[in-house]
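Show me how the following folds:
(2 chains)
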Amino acid sequence: MFRVENLKFSYGKKEILKGIDFEINSSDIISILGPNGCGKTTLLKILLGFLKPSSGEVYFKNRPIKNIKTKEFFQKVAYIPQIHDAAFGYLVKDVVLMGRMPYKSLFSNYNNEDKKIALDALEILGIEHLQDEIYTTLSGGQRQLILIARAIAQQASVFIMDEPVNGLDFGNQYKLLNKIKELSKRNLTFIKTSHHPDHVFFASKEAIFLNEGRILEKGEPNKIIREENIEKVYNLKSKIANLYDRKICIAI
Amino acid sequence: MKIILTLFVILILLSLFSLTLGQYDLSIKQIIDFLFYKLGFGEVANSQLIQNIIVEIRFPRIIASILIGASLAISGVAFQSMFRNPLVSPGILGVLSGASFGAALGMIIFKKFILIQASSFIFGIIAVSIALFISMFNKQNQVILLILGGVVSSAFFSSLLSITKYMADPYNQLPAIVYWLMGSLALIDKGTIYIVTIPILLGIFLMIFLSKYLNILSLGDEEARSLGINVKLVRFTIIITATFISAFTVVLAGMIGWVGLVIPHIARLLFGSNNILIVPVTALLGAIYLLIIDNISRMLFSVEIPIGILTSLIGIPFFAYALKNVKKGWA
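Now for the predicted structure:
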């Protein structure tokens, strides 16, 4: 699906990514882990085409993304930003309807079919009762679900999320991860950044450990999230244990 | 759709009613009779006099109010969404300051009204070009630089305007400049109106077509791009469109403030934030608002009050009232 070759990126003189290669093919949840400033968000932005790499190439379905038209690309790839405050209080159904934009031209407007698709997306997330609410008045957890519904209305197969659970409470964090797990069974791929090893154990088939602009290790979370890697990357002593058939990571 | 149609009917009825207002009393019946007479039915007494009043004076003025009100309001709503800031007005990129300076300069150098208008228009465009030029200094933060560029450009042309006022002949030119800056529809001439009607209408309709992009632009550049739109192209088109139609308003009637800030708020207060609805609604509300204000400015006192003063005086309390709704997230 996504293939990245020798990716480098600098902000001014500061080199953020120093040569990254990987390939993502499974339709599941892929988490990118790493300390603040290691280039996680930069990498996502390059995958999305928001930033141009200083060298290297990103391929989507074997085509360089710079050669794919914006509209076409975003019919297949959706970006789910961190929860945010919109400047204006749009209705939830209007926010979800925006996901139909990649299918519209200057002279075509949203039609009944688009409205149906948007409503279906809200139903998939189980939040159709929110459709007439004002987006800005809702809680962070609800807003994140709405943004996911928008991506589903976009009918994309790859969802790119920047720290999706950021700013959510303990309960909502795991509810959201469960939702993502559930959705990933519909043949959808989620590429997300994560700050928390436990979240990666909980809901990822694959993880990429990023450190100082390079890939430290890539593979199954159970295999690559190890005490020595945590120490190397976060400079923190930790203990990884098994509990209820799942690994957990605690700082010590 | 129903809302838009209702407002449109209100605007038409209000325009007909406005034709009756003025020094010379005309009833609605006389006006309708005159319209039929023009279409070739029936007879009307004093037809030449009524022709003069309606066709030469009142009708152009009503058209001007409608066009100016709609232009300023629609530019305001577009800029507010695009800059993700509900406090932005059409003048943010300097078009009004530039056009005012252009007009003032024109009054000193030229005698001909058409040249003054041309100068006003051209400097309005130049002022926005300066803001756009400054925004290109830094590729990362273009929106912030665009706003700062607008501030710089506005300040620059305000200073130039002050110099022009200082240099102007204090007995004839200075009062003319000052009155122009207060905004007035009294100087509207039929010829100019008919020239600018088509471009202004084109601009308004283009903006209505762009309204669905405005929702998405208001989410920020990256999110807008991730929904498949060409952010730079859309933003540039909106800026150019808003600049042209705002510059035309200065050409026609000088500085008319607050319409572009207040009317979008009223529209959102009444009908929600969705730009697909709000953009055409704002245009109609702006037209209705300015038409009412112009009627007041003509009728309230025996001497006409500059309309720019009234739009502020009446608009500000409205705006203060709208601020009560901040808690609803500018709903």
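
Do you have the strands of the stretch 1-150 of chain B handy? List them.
Counting by DSSP state E, counting those that start in this stretch, one finds no strands in the stretch 1-150 of chain B.

Chain A contacts on that one?
Contact residues, the stretch 1-150 of chain B versus chain A (C-beta under 8 Å from any C-beta of the partner chain): B:81, B:84-86. Backbone N, C-alpha and C define where each C-beta goes, glycine included.

Keep only those of those that are in helices.
Per DSSP state H, helices hold the following members of the residues of the stretch 1-150 of chain B next to chain A: B:Ser81.

and which of the residues of the stretch 1-150 of chain B next to chain A is nearest B:Ile130?
Relative to B:Ile130, the closest of the residues of the stretch 1-150 of chain B next to chain A is B:Asn85; by C-beta to C-beta it sits at 20.5 Å.

ranges for the helices of chain A?
A:40-47, A:70-76, A:92-97, A:112-124, A:140-153, A:170-184, A:197-202, A:221-224, A:227-234.

okay, those in a markdown table with mean neighbour count and mean pLDDT next?
Shown next, in a markdown table, are the helices of chain A (neighbours: other C-beta atoms under 10 Å in any protein chain shown; pLDDT from 0 to 100):
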| stretch | mean neighbour count | mean pLDDT |
| --- | --- | --- |
| helix A:40-47 | 22 | 92 |
| helix A:70-76 | 18 | 94 |
| helix A:92-97 | 25 | 95 |
| helix A:112-124 | 17 | 95 |
| helix A:140-153 | 24 | 93 |
| helix A:170-184 | 17 | 91 |
| helix A:197-202 | 22 | 91 |
| helix A:221-224 | 16 | 89 |
| helix A:227-234 | 15 | 88 |
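
Arrange the ones you listed in CSV, one row each, with distance to chain B as further columns.
What follows is the helices of chain A, written out as CSV (distance: least, C-beta to the nearest C-beta, whole Å):
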stretch, distance to chain B
helix A:40-47, 7
helix A:70-76, 4
helix A:92-97, 5
helix A:112-124, 11
helix A:140-153, 8
helix A:170-184, 18
helix A:197-202, 23
helix A:221-224, 27
helix A:227-234, 27
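
And those helices: which comes nearest B:Ser159?
helix A:40-47 (40.6 Å).

how many neighbours does B:Pro264 have?
33 (other C-beta atoms under 10 Å in any protein chain shown).

on that earlier part again, looking at the residues of the stretch 1-150 of chain B next to chain A, which has the most residues close by?
B:Ser81 (28 neighbours).

doesn't B:Ile74 make contact with it?
No: with contacts counted by C-beta atoms under 8 Å, B:Ser81 stays clear of B:Ile74, the gap being 11.1 Å.

who touches the residue nearest the centre of chain B in this structure?
Centroid-nearest residue in chain B, with C-alpha atoms, centre = their mean: B:Leu72, separated by 2.8 Å. B:Leu72 makes contacts with B:90, B:246, B:249, B:256, B:259-260, B:263, B:286, B:290, as judged by C-beta atoms under 8 Å, 6 or more residues apart in numbering or on different chains.

I'd like the distance between the residue positioned nearest the centre of chain A and chain B.
With distances taken as C-alpha atoms, centre = their mean, A:Met161 lies nearest the centre of chain A, 1.8 Å away. Separation of A:Met161 from chain B (C-beta to the nearest C-beta, to the nearest Å) stands at 11 Å.

Tell me the bridge partners for that residue.
Counting by DSSP bridges, A:Met161 forms beta bridges with A:Ile80, A:Lys192.

give me the residue from the stretch 151-252 of chain A nearest chain B.
A:Gln154 (7.5 Å; C-beta to the nearest C-beta).

Contacts only, for the nearest residue to that residue once chain neighbours are set aside.
What sits nearest to A:Gln154 in space, not counting adjacent residues and going by C-beta to C-beta, 6 or more residues apart in numbering or on different chains, is A:Gly99, at 4.0 Å. Neighbour list for A:Gly99: A:78, A:118, A:121, A:149-154, B:227 [criterion: C-beta under 8 Å, 6+ apart].
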